[in-house]
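Asker: Give me a model of this one.
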Amino acid sequence: MDTGQDKDAGGLERRPTSKDVARLAGVSHTAVSFVFNGRAEGNLSAATQERIREAARQLGYRPNPMARGLRRRRSAVIGLVTDHIASSPFAGALLRGAMETAWDREHLVVTVDSTGDPDKESAAVTELLDRRVDGIIYAAMTLRRAALPKGLDRTVAVLANCLPSEGDWASVIPAERAGGRAAARLLLEAGHRRIALVGGLDDIASAERLRGFRDALRGAEMRARQDWIVRSGGEISAGYRGALTVLDGVPAAERPTGIVCYNDRVAAGVLHAATRLGIEVPGDLSVVGYDDQEHMAQFLSPRLTTVALPHRAMGERAAQLLLDALADGVAPPAEVIRLNCPVVGRDSVGPPPSL
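Answerer: So this is what the prediction gives:
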């Protein structure tokens with residue numbers, strides 16, 4: 001079948017154009033423009049629209065977003081400025097969510113990693129604005145209050161995984177308090193009543209997860225024991241030290257039967273401590289992580305039950321908010337959107353031991 005595609009002087013197939021689509025579909029060039037510029041309804045029949053789309057599929061035609069952007073005084077490019085893309089295990093998911101959402105809406109994403117340097121962040125924003133990006137997502141790799149880069153207020157912007165240290169901005173963050181409740185409820189629903197919390201930092205996530213942990217225990221008419229809340233840090237060694245604090249030398253009838261961990265790295269340390277002490281997981285002790293860290297949680301022994309951080313969903317939602325605002329010609333609502341942190345059930349939670 002002749003698709004109507006020509007070849008250039010070198011004999012290579014050139015990129016198909018809207019005129020090629022019109023020729024193959026047997027319609028005017030204007031009709032093709034109507035379909036790909038969102039003006040087909042009321043101007044073209046459904047059958048004609050489908051014929052044009054089928055011709056585009058056969059040719060592999062994709063509208064040129066740059067050309068359309070120039071007509072609309074837009075670049076069809078958004079910027080993503082972040083603090084630590086290279087060093088975070090979660091960066092890829094957030095970036096994929098933003099980039100694929102933008103691609104589906106015919107935008108590209110240009111990313112800049114500032115390595116946490118405020119001057120680099122401000123310079124990055126200036127450079128992106130000079131290159132006429134349509135808007136900017138500012139993303140942090142850990143939930144925090146951020147001093148935003150200079151110049152960000154000169155464009156349409158959305159924050160991902162952070163809150164502004166001042167002012168009101170559209171922000172997409174995890175529902176950390178609800179996640180803390182979910183982690184504790186996993187143990188409560190399995191029958192545990194002696195539950196500890198290990199790990200944590202002086203940050204928003206730690207505070208919110210602890211609030212959720214306390215919420216869940218109160219809902220079960222229980223109170224958290226202060227000596228079973230061990231703020232030991234966020235690394236494997238912190239989990240190991242924290243677990244020894246509540247388990248080592250404590251009679252089995254008096255120690256926790258379940259531990260909620262600040263993150264999966266802390267949970268790995270708890271599992272290591274349990275092995276050293278001869279405590280079986282989940283036979284003697286159930287353990288819940290947090291993050292669902294790629295290449296870690298599902299490869300621990302036993303495989304770790306955890307609460308996932310919605311990094312991909314944050315990237316998707318931030319891009320949606322930004323692109324919707326650009327399409328509507330208004331700033332995104334200055335509100336905080338909290339996304340669900342789903343439970344990922346594996347093998348580290350079981351019923352409490354019968355003593």
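Asker: pull the CA atoms of stretch 328-347 into PDB?
Answerer: Presented in PDB, the C-alpha positions along stretch 328-347 are these (Å, rounded to 0.1, in the frame of the first residue of the first chain):
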ATOM      1  CA  ASP A 328      -6.200  26.700  31.200                       C
ATOM      2  CA  GLY A 329      -3.900  29.800  31.300                       C
ATOM      3  CA  VAL A 330      -4.200  30.000  35.100                       C
ATOM      4  CA  ALA A 331      -1.800  29.300  37.900                       C
ATOM      5  CA  PRO A 332      -2.300  25.900  39.600                       C
ATOM      6  CA  PRO A 333      -4.300  26.100  42.900                       C
ATOM      7  CA  ALA A 334      -1.900  26.800  45.800                       C
ATOM      8  CA  GLU A 335      -2.800  23.700  47.800                       C
ATOM      9  CA  VAL A 336      -1.100  20.600  49.200                       C
ATOM     10  CA  ILE A 337      -2.100  17.400  47.500                       C
ATOM     11  CA  ARG A 338      -1.200  14.300  49.600                       C
ATOM     12  CA  LEU A 339      -1.000  11.000  47.700                       C
ATOM     13  CA  ASN A 340      -1.700   7.600  49.200                       C
ATOM     14  CA  CYS A 341       1.200   5.400  50.300                       C
ATOM     15  CA  PRO A 342       0.100   1.900  49.400                       C
ATOM     16  CA  VAL A 343       0.900  -1.200  51.500                       C
ATOM     17  CA  VAL A 344       3.100  -3.800  49.800                       C
ATOM     18  CA  GLY A 345       2.500  -7.200  51.500                       C
ATOM     19  CA  ARG A 346       5.400  -9.700  51.400                       C
ATOM     20  CA  ASP A 347       6.700 -12.100  54.000                       C
END
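Asker: residue ranges for the helices of the protein, please.
Answerer: With helices called from DSSP state H, the chain shows them at 18-25, 29-36, 46-59, 65-71, 91-104, 118-130, 176-189, 204-219, 236-247, 264-277, 311-328.
Asker: Among those, show the one with the smallest mean pLDDT.
Answerer: The stretch with the lowest mean pLDDT among the helices of the chain is helix 65-71, at a mean of 50.
Asker: Quick one: residues contacting residue 206.
Answerer: Shown in contact with residue 206 (CB atoms under 8 Å, 6 or more residues apart in numbering): 200, 231, 262. (C-beta placed from N, C-alpha, C; glycine too.)
Asker: what about burial for those, which qualify?
Answerer: Neighbour counting over the contacts of residue 206 (16 or more other CB atoms under 10 Å) leaves 200, 262 as the buried ones.
Asker: Does the longest strand seen in the chain pack against any helices or strands, and if so which?
Answerer: Identified as the longest strand of the chain according to DSSP state E is strand 135-146. Using 3 or more CB pairs under 8 Å, 6 or more residues apart in numbering; DSSP states H and E, the elements in contact with strand 135-146 are strand 77-82, helix 91-104, strand 156-164, helix 204-219, helix 311-328.
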